[in-house]
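Trainee: Quick one, what's the 3D model for this:
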Amino acid sequence: MKHGTFVSRSLPALGLLALAFAAFRGPASAQQQTVDPALYSGLRWRTLGPFRSGRVDAVSGVPGRPHEFYFGAVNGGVWKTINAGRTWTPVFDSQPVASIGAIAVAPSNADLVYAGTGESTLRDSMGYGNGVYKSTNAGNTWTHVGLADSHHVGRIAVDPRNPNVVFVAAIGHLYAANAERGLFRSRDGGATWQNVLHKNDSVGAVDVAIDPSNPQVVYTSLWNTRRPPWFTYAPSNGPGGGIYKSTDGGTTWKPLTNGLPADSFGRSGIAIAPSSPRIVYAVIDAKEGGLYRSADAGATWTKTTGDTRVWGRGWYFEKVAVDPKNPDIVYVPNVGIQRSKDGGKTFGTW
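Mentor: Now for the predicted structure:
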């Protein structure tokens, strides 16, 4: 059994699992809706383990299976629980790589799982991967499906209606330029890939989100980063980063710039409000970094907060999730898990 080489508390599995629960929880029953929240006031979060998998930067719930979750450790492989976290099983140990950057379960097929290898938390000590893997039996077995030279994967998004349409945000090599970076799309379940958004050999993609109401609408964020040997902490942000939108399923793209920062645009994360898809959030590492909100599907943006507790250390964090029922409830995992109930204007830990 493989175990993580590096251990850190900076990005706990518990925080990412909370976001996965928020994203995949099903409709509440009438009885649940009438329960007084004060009854839960004494409950506190607790660590569910496992304790030897290393840092965690990828997690996914499973639609229709509320007790089933996956997480990927940066050097500990993929782990799975079917009992809401009471016990965990490593399901990726037979593969030749242990660094995981992204996990996605197909919304229309709960047994179909994609894992992107190579962590996205690009610190001074990190592990790289060898592309994308696919499981058609809920993680029991895996098949390598390509993008072997992508090294680091920031996010995988699967079409909500067609499990064979999948996007991979490939960051690329951390220490040098390489061609296999940018946003990739497969229309045949990973058998073949097309690089649908490639600026140059230094600019990769770090996040991608598909509109749940219209899968022809796709957002992605690009990031030009490099970690020279003389950098011991944060990597550099180069030119070419930004947020892009496609309205034809990823074939053509246009940059979104109205209201977004232009100077030193680094890593960014994107989330679409499931209950109101024209509302889009982006947490951005930049000179004018912060959380940005669009109410018109990305045409214009407003900075809701510049609180560094939300976007600070952006090269390492910069992920965001929206409550499936309330577009004003937003979660951002950073050193602490930040939650906003007013559309991103104010945040607090929980």
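
Trainee: only C-alpha atoms for contact and neighbour calcs from this point on.
Mentor: OK.

Trainee: Residues contacting stretch 213-220, please?
Mentor: Stretch 213-220 has contacts (Cα atoms under 8 Å, 6 or more residues apart in numbering) with 159-161, 169, 183, 205-211, 243-250, 270, 274, 277.

Trainee: what do you get for stretch 305-316?
Mentor: 120-123, 234-235, 266-268, 283-285, 288-292, 317-318, 332-336, 338, 344-347.

Trainee: Check which element follows the helix-or-strand element of the chain with minimal mean pLDDT along the chain.
Mentor: For the chain, using mean pLDDT, DSSP states H and E, the weakest element among its helices and strands is helix 30-33, scoring a mean of 49. Sequence-wise, the next helix or strand downstream of helix 30-33 (DSSP states H and E) is strand 56-62.

Trainee: Direction included, what does that next one pair up with?
Mentor: If you go by DSSP bridges, strand 56-62 pairs up with strand 65-73 (antiparallel).

Trainee: And the strand it pairs with, what's buried?
Mentor: Buried residues in strand 65-73, counted by 16 or more other Cα atoms under 10 Å: 67, 68, 69, 70, 71, 72, 73.

Trainee: which sections of the stretch 51-200 of the chain are below the confidence cut-off?
Mentor: Along the stretch 51-200 of the chain, segments meeting pLDDT under 70 span 52-53.

Trainee: Can you show me the strands along the stretch 1-150 of the chain?
Mentor: 56-62, 65-73, 77-81, 89-90, 100-105, 113-117, 132-135, 143-146 (DSSP state E, counting those that start in this stretch).

Trainee: Check what contacts the shortest one and list those residues.
Mentor: Identification of contacts with strand 89-90 by Cα under 8 Å, 6+ apart yields 1, 77, 78, 79, 80, 81.

Trainee: Take those residues and write them to CSV, including neighbour count and distance to residue 95.
Mentor: Compiled in CSV, these are given as follows (neighbours: other Cα atoms under 10 Å; distance: Cα to Cα, whole Å):
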residue, neighbour count, distance to residue 95
1, 9, 11
77, 29, 9
78, 28, 10
79, 21, 13
80, 23, 15
81, 18, 19
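
Trainee: now the strands of the stretch 1-150 of the chain as CSV including distance to residue 309?
Mentor: Formatted as CSV, the strands of the stretch 1-150 of the chain follow (distance: least, Cα to Cα, whole Å):
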stretch, distance to residue 309
strand 56-62, 18
strand 65-73, 23
strand 77-81, 29
strand 89-90, 32
strand 100-105, 23
strand 113-117, 28
strand 132-135, 32
strand 143-146, 37
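
Trainee: out of those, nearest to residue 256?
Mentor: strand 100-105 (24.3 Å; Cα to Cα).

Trainee: Output the contacting helices and strands for the closest one.
Mentor: Here strand 100-105 touches strand 56-62, strand 65-73, strand 113-117, strand 153-158, going by 3 or more Cα pairs under 8 Å, 6 or more residues apart in numbering; DSSP states H and E.
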